[in-house]
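A.B. asks: Please find the sequence and the predicted model below.
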Amino acid sequence: MRTKKNKVLKRLRAVALSAVLFCTPILGVMTVAPPIRAEAASINGLPINQKLQTINASSRYGNDVKYIVVHYTGAPGSAANNATYFANGYRGASAHYFVGYSGEVWQSVSDSLAAWSVGGNKYPGTKGGSVYGKCTNYNSINIEMCVRTSGSRSDTSKDWYFENATINSTVKLVQGLMKKYNVPLSRVVRHYDVVGKYCPNPFVLNDDPVTWNSFKSMVAGDKNLPADTGNSNNTPAKPSTPSSGGSVSASGINVRYQAYVNGQWLPWVTNYNNVSSDGYAGIPCKAITGLKAYTVGSQSAVGNLQYRVHLRGGQWLPWVTDASGKAPNDYAGIYGHVIDGIQVRLINKPGYHAEVRVQLTDRTGWLGWSSQYSKGADAYAGIYGIGIDRVQIRIVKN
C-alpha cells in the first residue's frame, strides 16, 4: 500500500510542478509511446544535444508534420535543465526542442513522436487561436525558447525577454525543420495562434526589438524554404480536436455522453458540444458520480462504445455498452460515489478507436487523451483519489 501511495503522490507532484514551470497546458494521461528513434546529430548546422524520453510523449497516429510551433518556457531555466526535468519522470507536458540562453539546443522528444504541447481548449475571449483544431500535438513539432525576466513573472508581463543567441538559434532550427518536413512559413506559428495562450510572451506582446513578424522575417531570409501552396492551414490532423463549439466528429463517428452531477443528469454532449456550447460533460469543481455514453447510428456503421468507471476509494465497475439512459440503471457509476477514473473502448468497428480525457476537481487543465490501446498506469483517464469534474470522449481513426 505504501508503494502505491508514494507512486500516486509522486505523480501528483510532477503534474503540479509542470503547471508552474512549463508554458503548455497539463495534458496528463496519454497513450504509451513507441520506442525512441535515433535523431540527427545536427539540424541546419546546429549541434543537437539529446536527452530523449517517451514518458511524456505519444504516437503521431500516422500524421505528418505540418506545423512548427514556437513557445517560451514560462520560467527562467537552461535548455539542459528543462530537458533533464522532462526526462526524469511523468510531467503531463513536453516539447521536442529547448533552445538555451547561449543558443544551445536540447532535444527532449523524438520528431517521430507527438509532444504534449498544444492540447487543451481555446482560451475564451482571445484574439488568438487562428489555427485551433488544425494544428495539434499529432501534426506539429514544438520548440521551447528559454526566457529571462527583468521583474514580473506574470503571463502578461512585459518583463519577459529572449537572449539574441536564443532567437538566432531558434531561427536556424525552424529553418532546418521547415526544409526537413516541407513546412511553409505560413505554418510556423505561436502557441498563441493555436489556443490563444500568451505564449511565447515576448512574441505575443511584441514589445521587444525582435517581434513575431521580425522573427518570421529572419526565418524567411533562407531562400531555400518550402513554398506556400495557398491552402496550407486547411487540413486538420487525423485525430484533430474540434473546437468546443463544434458538433461533428473528425472521424465521422459521433459520440454522445452526459454526466450525473449534484443529483441530476446534465445536458447531453455530442462530441465536444452541448446546448450551452460548454464542450464537455460536467461542472467545474463538482465531482461526477455517473456517466452515460453511446455512438450515434447503427451498429454496423458506428460500432459500439463501451466504457467503465473507477470509484474513489473503491474499484472498477463493470463495462457498460452504449448506455443511452433508456433503461433503469443504464449508466456507469453509483449515485453519490465520486468517479476518479474512466476507460473507454470501441468495438465492432475496425480501424477506429475511442479516447477519453478529463479534468480534476482540484486543478485546472485537461489531462491527456487516454486511448483504448493505452497500457499500465496510462490505461485510464484520471488520477486515483481525485474526483473528475469534466469529461470529453471522441472516436478517432487508428
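C.D. replies: Now that the structure is in, tell me what you want to look at. Predicted, not measured: the structure shown is a model, and the values here were computed from it.
A.B. asks: what about residue 125, how many neighbours?
C.D. replies: With neighbours defined by other Cβ atoms under 10 Å, the count for residue 125 comes to 6. Heads up, the C-betas are built off the backbone N, CA and C, glycines and all.
A.B. asks: tell me which element it is part of?
C.D. replies: Per DSSP states H and E, residue 125 falls between elements, in no helix or strand.
A.B. asks: How about the contacts made by it?
C.D. replies: Applying Cβ atoms under 8 Å, 6 or more residues apart in numbering, we find residue 125 in contact with no residue.
A.B. asks: separation between it and residue 196?
C.D. replies: Using Cβ to Cβ, to the nearest Å, one gets 8 Å for the distance from residue 125 to residue 196.
A.B. asks: next one: residue 337
C.D. replies: The gap separating residue 337 from residue 196 is 36 Å, by Cβ to Cβ.
A.B. asks: Next: residue 370.
C.D. replies: The separation that residue 370 has from residue 196, given Cβ to Cβ, amounts to 25 Å.
A.B. asks: what do you get for residue 217?
C.D. replies: 24 Å.
A.B. asks: of these two, who's got more company?
C.D. replies: Set side by side, residue 217 and residue 196 show more neighbours around residue 196, with 20 against 13, by other Cβ under 10 Å.
A.B. asks: where along the stretch 201-350 of the chain do the helices fall?
C.D. replies: Using DSSP state H, counting those that start in this stretch, the helices of the stretch 201-350 of the chain run over residues 201-205, 212-219, 299-302.
A.B. asks: Out of these, flag the one nearest residue 58.
C.D. replies: Of all the helices of the stretch 201-350 of the chain, the one in closest proximity to residue 58, counting by Cβ to Cβ, is helix 299-302 (24.7 Å).
A.B. asks: tell me which residues in that closest one are buried?
C.D. replies: residue 302 (16 or more other Cβ atoms under 10 Å).
A.B. asks: Over to stretch 307-314?
C.D. replies: Taking 16+ other Cβ under 10 Å as the basis for neighbour counts, the residues of stretch 307-314 that come out buried are 307, 308, 309, 310, 311, 312.
A.B. asks: Let's see which of those end up in strands.
C.D. replies: In strands, defined here by DSSP state E, the members of those are 307, 308, 309, 310, 311.
A.B. asks: what sits against residue 71?
C.D. replies: The neighbours of residue 71, taking Cβ under 8 Å, 6+ apart as the test, are 23, 24, 95, 117, 142, 143, 144, 145, 190, 191, 199, 200.
A.B. asks: how about JSON lines for the helices of the stretch 201-350 of the chain, with distance to residue 320 and mean pLDDT added?
C.D. replies: What follows is the helices of the stretch 201-350 of the chain, written out as JSON lines (distance: least, Cβ to Cβ, whole Å; pLDDT from 0 to 100):
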{"stretch": "helix 201-205", "distance to residue 320": "44", "mean pLDDT": "95"}
{"stretch": "helix 212-219", "distance to residue 320": "48", "mean pLDDT": "94"}
{"stretch": "helix 299-302", "distance to residue 320": "16", "mean pLDDT": "81"}
